[in-house]
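S.K.: Just a sequence and a predicted model for now, questions to come.
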Amino acid sequence: MVTRTALVTGASRGIGRGIAIELARAGYRVAINYAGNAAAAAEALALVRSAGGDGFVVQGDVAVAADRARLVEVTLANFGRIDLLVNNAGVAPNVRADLLEAGEESFDRLFAINLKGPYFLSQLVAKQMLGQERDTEGFRGRMVNITSISVYAASINRGDYCMVKAGLAMMTKLFADRLASESINVYEIRPGVIATDMTGGVKEKYDKLIITDERGITPIRRWGRPDDVGRAVRAIAEDRFPFSTGAVFDVDGGFHLHRL
Ligand code: NAP
C-alpha cells in the first residue's frame, strides 16, 4: 500500500467519484475537484474516507485558467506533491443536435471544459511534477485522461463531443511522448456506456441497445459502472504498467470489438 496523492477533476459525482474511491482503497489522498455541486463533493469525500483514504474538496472550473492555477496551488498546499493527475471532468452537450444544426455555443463549451481545460491543467501539473523527486518506483508522477468510445464512434447528434474526445486522445499521445524521458507516464482510459448522471437522460435508449436487443452493442451485456473505470485508474496508480505510456485502456464491455 502506498501513500500518494492525486488530483481528480470532476470527482464529486459519477466516474470521477468512482475513481476517487478506488484511489482511496489504494491508500491515496485525493483532491476532489467539483464545479458547482458542493454537496455531492462532500459526499464523495466521506466515501473516500470510509474507503481508507483521505483528502479534501476543491471547487474549480477546469475551463477557467485562474481556477486551474488555484486547483494546483491548493493541492500542493495540502499534499506537498502531486503523484497522479486524473483529467476526468467533462460534459455532454446540453441538447443533442444534428450535425447540420449544432451551434457554436455548445462547441465552445465542450471544447473549453473537455479539451482546453485538461490540456492546460496537464501543462501546469507537468511543470510541477518535473520539479518533484522521483518516488520509490522511479516516477515523478503519472497522468490519466478519461476519454470515451466517442473518440472513434461517430454520433452525428453530438459531433462536438466526439471531436473534443478525439482531441483528448491525441493529447494523451503528445504528453506521453514529451514526458516519458522525465519519468512521467501518461495513459488514456476510454470508457464505454457508464451509468452516471450524464447518461441518465438516455437510459431507455441504452437499456435497449445493451440489454434488450437480441445481440446487444456490447459483448458484456451490462452497463458500465464508475468503479469499472475506477479500478482501471487504480491499476495505473499502483504502477501495474510501468513500461507503458500513451497506452489506451478500453473499459467498455468489449464495445470496441468489430463483430460479424
Ligand atoms: P457526470 O456524472 O455528469 O459528472 C461530471 C463531473 O464533472 C461532476 O463531478 C461535475 O462536477 C464535474 N464537472 C463538470 N463540469 C466541470 C468543470 N467545468 N470543471 C470541473 N468539474 C466539472 O459525468 P460522468 O458520466 O461521470 O463523466 C465523467 C467523464 O467521463 C467525462 O469526461 C465524460 O465525458 C467521460 N465519459 C463518460 C461516459 C458515460 O457513459 N457516463 C462514457 C465515456 C466517457 P459537479 O458535481 O460540481 O457538477
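M.R.: Perfect, thanks for sending it. Residues are numbered from 1 along each chain as shown.

S.K.: Count the residues that sit near the residue lying closest to Gly192 once chain neighbours are set aside.
M.R.: Excluding the flanking residues, the one nearest Gly192 by C-beta to C-beta, 6 or more residues apart in numbering is Asp252, at 2.8 Å. All C-beta atoms are positioned from the backbone trio N, CA, C, and that covers glycine. Using other C-beta atoms under 10 Å, Asp252 is surrounded by 24 other residues.

S.K.: my read: Asp252 touches Ile210, true?
M.R.: No: with contacts counted by C-beta atoms under 8 Å, Asp252 stays clear of Ile210, the gap being 11.0 Å.

S.K.: you'd agree Phe249 is in a helix?
M.R.: No: looking at Phe249 with DSSP: H, G, I helix; E, B strand; the rest coil, it is strand, so not inside a helix.

S.K.: Counting residues, which strand of the chain comes out longest?
M.R.: Longest strand of the chain, by residue count under DSSP state E: strand 184-191.

S.K.: and it with the ligand, contact?
M.R.: Yes: Strand 184-191 reaches the ligand (C-beta under 6 Å from any ligand atom) through Pro191.

S.K.: Then stretch 109-121?
M.R.: Yes: judged by C-beta under 6 Å from any ligand atom, stretch 109-121 comes into contact with the ligand through Ile113.

S.K.: chain center to that stretch: distance?
M.R.: 12 Å (C-alpha atoms, centre = their mean, to the nearest Å).

S.K.: quick one: buried residues of it?
M.R.: Residues of stretch 109-121 classed as buried by neighbour count (16 or more other C-beta atoms under 10 Å): 109-119, 121.

S.K.: Among these, name the ones in helices.
M.R.: Of these, the ones assigned to helices by DSSP state H are 109-111, 117-119, 121.

S.K.: Just the pLDDT for the nearest residue to Val57 once chain neighbours are set aside.
M.R.: Leaving aside its sequence neighbours, Val57 sits nearest to Ala41 (C-beta to C-beta, 6+ apart; 4.1 Å). With respect to pLDDT, Ala41 scores 98.

S.K.: Also Thr3?
M.R.: At Thr3, pLDDT is 87.

S.K.: Show me which residues of the protein sit near the ligand.
M.R.: Within the chain, the residues that sit near the ligand (C-beta under 6 Å from any ligand atom) are 9-10, 12-16, 33-37, 40, 61-63, 88-91, 113, 146, 148, 191, 193-194, 196-199.

S.K.: distance between stretch 32-50 and the chain's centre?
M.R.: 16 Å.

S.K.: ok, now stretch 186-204?
M.R.: 11 Å.

S.K.: from what I can see Ala169 touches Ser148, true?
M.R.: No: counting by C-beta under 8 Å, Ser148 is not a contact partner of Ala169; they are 9.0 Å apart.

S.K.: sorry, back to before: ok, residues contacting the longest strand of the chain?
M.R.: The contact list for strand 184-191 (C-beta atoms under 8 Å, 6 or more residues apart in numbering) reads 15, 126, 129-130, 139-149, 151, 168-169, 172, 175-176, 179, 224, 228-229, 232-233, 236, 241-242, 244-252, 256.

S.K.: I only care about those residues that end up buried; give me the ChimeraX line for that.
M.R.: Only the buried entries of those go into this ChimeraX selection, using 16+ other C-beta under 10 Å:
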select :15,126,129,139,140,141,142,143,144,145,146,147,148,149,151,168,169,172,175,176,179,224,228,229,232,233,236,245,246,247,248,249,250,251,252
